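**Q** Predicted structure and sequence below. I'll ask about it afterward.
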Protein chains: 2
Amino acid sequence: MEQFIRVDMTTQQVTSGPLPEKYVGLGGRALTSNFVNDEVKPTCHALGKNNKLIFAPGLLSGTSAPNSGRLSVGAKSPLTGTIKECNTGGLFSQKMAKMGIKAFVVEGKPADDKFYIIKIDMNGVSIEEAPESILGGCGNYEAIQILNEKYGAKVGIALAGPAGEHRLPSANISFKDPESNIRSAGRGGLGAVMGSKNVKAIIIDDAGAKPVPVADPEKFRAAAKIFARALLDHPVAGQGLAAYGTDVLVNILNEAGGLPAHNFTAGRIDYNDNFSGETMNALITERGGDGKVSHGCHPGCIIRCSQWYPDKKGKYITSGFEYETVWGLGADAGIKDFDAIAYIDRAMDDVGVDSIEIAVAVATAMEGGLIPWGDGEGVLQIVKDMAKPTPLARIIAGGCAIVGKLCGLYRVPVVKDQAIPAYDPRAVKGIGLTYATTPMGADHTAGYCISGNILKVGADIDPLKKDGQIEYARAMQIGTAAVDSTGMCLFVYFGIADNPGGYQALIDMINAQYGLELTAEDVDKLGESVLKVERDFNKRAGFTNAHDRLPEFMEYEPIEPHNVVWDFTPEEIDEVYNF
Amino acid sequence: MEQFIRVDMTTQQVTSGPLPEKYVGLGGRALTSNFVNDEVKPTCHALGKNNKLIFAPGLLSGTSAPNSGRLSVGAKSPLTGTIKECNTGGLFSQKMAKMGIKAFVVEGKPADDKFYIIKIDMNGVSIEEAPESILGGCGNYEAIQILNEKYGAKVGIALAGPAGEHRLPSANISFKDPESNIRSAGRGGLGAVMGSKNVKAIIIDDAGAKPVPVADPEKFRAAAKIFARALLDHPVAGQGLAAYGTDVLVNILNEAGGLPAHNFTAGRIDYNDNFSGETMNALITERGGDGKVSHGCHPGCIIRCSQWYPDKKGKYITSGFEYETVWGLGADAGIKDFDAIAYIDRAMDDVGVDSIEIAVAVATAMEGGLIPWGDGEGVLQIVKDMAKPTPLARIIAGGCAIVGKLCGLYRVPVVKDQAIPAYDPRAVKGIGLTYATTPMGADHTAGYCISGNILKVGADIDPLKKDGQIEYARAMQIGTAAVDSTGMCLFVYFGIADNPGGYQALIDMINAQYGLELTAEDVDKLGESVLKVERDFNKRAGFTNAHDRLPEFMEYEPIEPHNVVWDFTPEEIDEVYNF
């Protein structure tokens, strides 16, 4: 296969060739963000013909490096209007890498309103009409079964779910995972971009592909071993996440007073035990869970944070059941029943919407009187309705910023129109700087300052104080931009943050694969360059420092139990990107 | 009364005093925009406690100058996020001026959710709880009757209608007019700002007020006479508008191929006779209309553009029934029945929403499949539902930009999230430059280039060509900003554009009133300074030249019958504000 593939949906023409010279050496987020900045007109309409959607595996994807199977997806976001990179598990990244594909671009827009499937295999790329059976409200779980039957159980699948077909602002791109369940390129509405190009699914079949070439296999194996050890030996990456999933954070953030509750009017709840990680673990163990407990979102994952959450009879409900989702529905929207939350999570995966955006939008809609507080059944129905959207389902799928406008609220927890996730920035100030300044809109994964503020991994900073936070948020965003370019799962950070040997092993793997001599400084420079490219796009799209601000209410509404407000000045916030 | 009054709704404290020194000599838009730029934090939430709502009569308001009774209302807009000045007819401006009030400010936000009435009379300002009878869905027509009974038939009334109570983004502020019908400070959601401060109504009672002092009454009378003559002698200002209302433009724009139809996919329709100004005139004449035909929106209006539109039995349906509303519902949304359009117009006034924003949102929602094309009955119900908003009513009241997002459309006719009105910028290029660059978001009244492009008043510029448009759009915006500061109705422009004596008479009236020696150059400087102040606010709120762009689809979707696209380059557009 060629390294660089474009499908123009206006003409249905496929062009391919080697990776353009300027992108050689880039992967994942570095590649998608550079491409979007180079080729997408920043002021274009995100759902118009001039937006482009790019998929790129990371630099290490497809190799035997543990946890290197994350895929980056890039475009201009219809939710935020900014540049967007989402990364996700699933099967795409490693298959693309093995097929030698560095990036795959979907551009243009058909004149008709038919939906298509793009199929990529070692013979090339073909476009066919999507079967009626997977359209018009068919859920992602069922669509994957239908496509597995049609294309073979081993293929990789990317789907614009029902929400993506309707181009709703919180539509994600759903990816089939190793168990034929669902992983999501979740944030910023990239599923709506896929839907706007009338692409229902992309199938990737790597049958006949060869292993990824590695320049120095011996050096690579040695480094991979050290790297794996670093992950497995760490209490968070090696044990905590596998046992409790990310949901382990419910009790931790609640204890820290940084668990936003009741649409960000409190920082602690008293029913945290209802859906804490410890409770999840106990329930999964007790209910049996088809014999499964935790697993990885892609082959080669050794952290296995994804919990396999079953119903009372032990039958699978959902997986990839993240802390942020549980927090949003449980603490922020007051849905106290864990199973109800699980069914909503499943429904969100099934229609293909960002579970953070929806959960926060739901809580805001509860404040706005559109949904009763804590009404799990009501929310489940609304999410299901997103498949054939009712007006209310559209409103919620429009995301938190739109809910805030349609309910006339001032307490609207968004930055750049993207919902603020599960960590209150008043009580955990480092993450607030990430929310405010990342080019992505509010996004904890863009610089996970929870690590040094709360978990005390990689740093030890008082979450309630401003000291050291600016430098820390800057460093975390730079490091994350680099990690997002490798195809590595972000959680590898826990294993290498306090382990210089583990970090060096990561760099050694890249060097061994490509025959390079990169240093830690080079990696930082890569991260910095990615952020600068992303800021450049945003600037040309009309964003300024005035958009790098948290919602104003956080400046004057203190949050319990610490009774703190957001008190970074504009000038201090702007220092984060002073590099 | 004191000249400058503030009501803090947080504390219910009233403070008043002389007009601050820096605002002396300013009125109307010059005063509201300077105040908002000085006192409102540009990045504040428009519905939060830090936004401020200011009402100011124009420099000539309250005098015997014809057509000088327009009121300016300013705040940060919840629809656009920009600074906003809306002006309106009604009774407020002249009463405020006679009472000596240069400006009235509402700030803060109550902690409770009760609604209040602010009453201003010669004894001072009082705040009382609003009676239940005018809350919870009571329409503006009924509320005016109730308040007339309570406070006397002669008082002026400003209302946050049901939509304003719900703080919906297209909520306007409704003003009682001389016939106790409704005039609106329509665009940009200022009714939501009033609602966010829990102010249901403002009552102004000028009983006991003295005439506005005039420094040189003789000179004033002489100038006013010349000015009145200029208006009455002009075929548009003196005859056309009184006979046909602004709806006279249906046939004119249709003929010009600039009447946007079917959500901006065509520029001409074949059913224009259904609701043209000529048809309106014939219907009003035939039906009787309570003996009324056209009238003014405020005392002292001699243009009388407002048509009194009756039903088949001659009973009043609506007035202030503007071309832009008729166009939006008739041509853009395809509602072919004129009476249906009139009932929707009445319903919009009754719930208190901007008829342009709603009409365009409706057409966009039709393209998005939310409402059948041309369904007048359906639209009437949706507008009525805005009083106790259903989800669909909220979506439409959210305005065109939100409808576009929730329907996943790229053809969304907005600038800075405000709907583009009734003149297609591809076929009338001058007005496109105003839409793109005015600090207000798409707004034809900010620089009505239709005048020189189509009506050939004041200039003669080919609407399909770029030549001369940049300079023209600049001059029109500067002149408008000045006129909006005088309290004059914009339509006086028609009378003075080609009549230097009429223009001089306008300046002479100001000079005679205040004992000044202003020149035409000074007036231009005033206009320029207002625009600069407004741009400064927007810049600090995060707006850049990248926001001064028309919707992208207009660049690549040609419009029939002239088959033209929007072809000004970004650099050319940016020249408009190069002064």
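**A** Cool, got the structure.

**Q** Hmm, residue A:258 is touching residue A:424, no?
**A** Yes - counting by C-beta atoms under 8 Å, residue A:258 touches residue A:424, with 4.7 Å between them. To be clear about C-beta, it is placed using only N, CA and C from the backbone, and glycine gets the same treatment.

**Q** Let me know how buried the residue in the stretch 151-300 of chain A positioned nearest to chain B is, in neighbour terms.
**A** Nearest residue of the stretch 151-300 of chain A to chain B (C-beta to the nearest C-beta) works out as residue A:167 at 2.4 Å. Other residues within reach of residue A:167 by the criterion other C-beta atoms under 10 Å in any protein chain shown amount to 26.

**Q** who's in contact with the nearest residue to it once chain neighbours are set aside?
**A** Distance criterion C-beta to C-beta, 6 or more residues apart in numbering or on different chains; nearest residue to residue A:167, sequence neighbours excluded, is residue B:408 at 2.4 Å. Residues near residue B:408 by C-beta atoms under 8 Å, 6 or more residues apart in numbering or on different chains: A:47, A:78, A:166-169, A:192, A:195-196, B:368.

**Q** From these, list just the buried residues.
**A** Applying 16 or more other C-beta atoms under 10 Å in any protein chain shown to the contacts of residue B:408, the neighbour count classes A:47, A:78, A:166-169, A:192, A:195-196, B:368 as buried.

**Q** Can you show me the helices along the stretch 351-500 of chain A?
**A** A:355-367, A:376-385, A:391-397, A:400-406, A:429-437, A:450, A:469-483, A:492-497, A:500-514 (DSSP state H, counting those that start in this stretch).

**Q** What residues does the stretch 251-400 of chain A have near chain B?
**A** By C-beta under 8 Å from any C-beta of the partner chain, the residues of the stretch 251-400 of chain A that approach chain B are A:370, A:390-392, A:394-395, A:397-398.

**Q** Name the member of those residues with the most neighbours.
**A** Busiest of these [other C-beta under 10 Å] is residue A:397, holding 33 neighbours.

**Q** For residue B:397, see how far away it is.
**A** As judged by C-beta to C-beta, to the nearest Å, residue A:397 and residue B:397 stand 18 Å apart.

**Q** Ok, residue A:34 next?
**A** As judged by C-beta to C-beta, residue A:34 and residue B:397 stand 41 Å apart.

**Q** Which ones among the buried ones among the contacts of residue B:408 lie within helices?
**A** A:192, A:195-196 (DSSP state H).

**Q** sorry, back to before: so what sits against both of residue A:258 and residue A:424?
**A** Contact criterion C-beta under 8 Å, 6+ apart; residues shared by residue A:258 and residue A:424: residue A:267.

**Q** what distance separates the start and the end of stretch A:557-569?
**A** Distance between the boundary residues of stretch A:557-569 (C-alpha to C-alpha, to the nearest Å) amounts to 16 Å.

**Q** Ok, stretch A:115-132 next?
**A** End-to-end span of stretch A:115-132 (C-alpha to C-alpha): 9 Å.

**Q** next one: that stretch to chain centre, how far?
**A** With C-alpha atoms, centre = their mean, to the nearest Å as the basis, stretch A:115-132 stands 25 Å off its chain's centre.

**Q** repeat for stretch A:359-367
**A** Chain-centre distance of stretch A:359-367: 20 Å, with C-alpha atoms, centre = their mean.

**Q** List the contacts of the residue lying farthest from the centre of chain A.
**A** Computed with C-alpha atoms, centre = their mean, the maximum C-alpha offset from the centroid of chain A is found at residue A:218, amounting to 33.0 Å. Residues touching residue A:218, when contacts are defined by C-beta under 8 Å, 6+ apart, are absent altogether.

**Q** if I look at it, how far off is residue A:509?
**A** 12 Å.

**Q** Residue A:262 now?
**A** Residue A:262 sits 45 Å away from residue A:509, taking C-beta to C-beta as the criterion.

**Q** The two - which one has more neighbours?
**A** Here residue A:262 and residue A:509 are compared on neighbour count by other C-beta under 10 Å; more neighbours surround residue A:509, at 28 against 16.

**Q** how close does the more buried one get to residue A:96?
**A** In this structure, residue A:509 and residue A:96 are separated by 18 Å, where distance is defined by C-beta to C-beta.

**Q** Quick one: mean pLDDT for stretch A:526-537?
**A** Across stretch A:526-537, the average pLDDT comes to 98.

**Q** same deal with stretch A:25-38?
**A** The predicted model assigns stretch A:25-38 a mean pLDDT of 98.

**Q** For it, output the C-alpha coordinates as CSV.
**A** C-alpha atoms of stretch A:25-38 as CSV (Å, rounded to 0.1, in the frame of the first residue of the first chain):
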residue,chain,number,x,y,z
GLY,A,25,9.2,11.7,10.6
LEU,A,26,5.7,12.7,11.9
GLY,A,27,3.0,10.4,13.2
GLY,A,28,-0.2,10.6,15.1
ARG,A,29,-1.2,14.0,16.3
ALA,A,30,1.9,15.7,14.9
LEU,A,31,0.9,14.5,11.5
THR,A,32,-2.8,15.1,11.7
SER,A,33,-2.4,18.6,13.2
ASN,A,34,0.3,19.6,10.6
PHE,A,35,-1.9,18.4,7.8
VAL,A,36,-5.0,20.1,9.0
ASN,A,37,-3.1,23.4,9.5
ASP,A,38,-1.6,23.1,6.0
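
**Q** any idea of the pLDDT on residue A:99?
**A** pLDDT recorded at residue A:99 is 97.

**Q** Tell me who's in contact with it.
**A** The neighbours of residue A:99, taking C-beta under 8 Å, 6+ apart as the test, are A:1, A:120, A:122, A:204, A:206, A:209.

**Q** Excluding covalently adjacent residues, which one is nearest to the first one?
**A** Distances taken as C-beta to C-beta, 6+ apart place residue A:99 nearest to residue A:1, at 4.6 Å, with adjacent residues excluded.

**Q** ok, now how distant is the one you found from chain B?
**A** Here the distance between residue A:99 and chain B works out to 32 Å (C-beta to the nearest C-beta, to the nearest Å).

**Q** how much space is there between the closest residue to residue A:103 other than its chain neighbours and residue B:352?
**A** Once flanking residues are discounted, residue A:103 sits nearest to residue A:56: 4.3 Å by C-beta to C-beta, 6+ apart. Plainly put, residue A:56 is 50 Å away from residue B:352 if you go by C-beta to C-beta.

**Q** Give me the more crowded residue out of these two.
**A** For the pair residue A:56 and residue B:352, the greater number of neighbours falls to residue A:56 (36 against 33), based on other C-beta under 10 Å.

**Q** what about that one, which SS state?
**A** Applying DSSP: H, G, I helix; E, B strand; the rest coil to residue A:56 yields a three-state assignment of strand.
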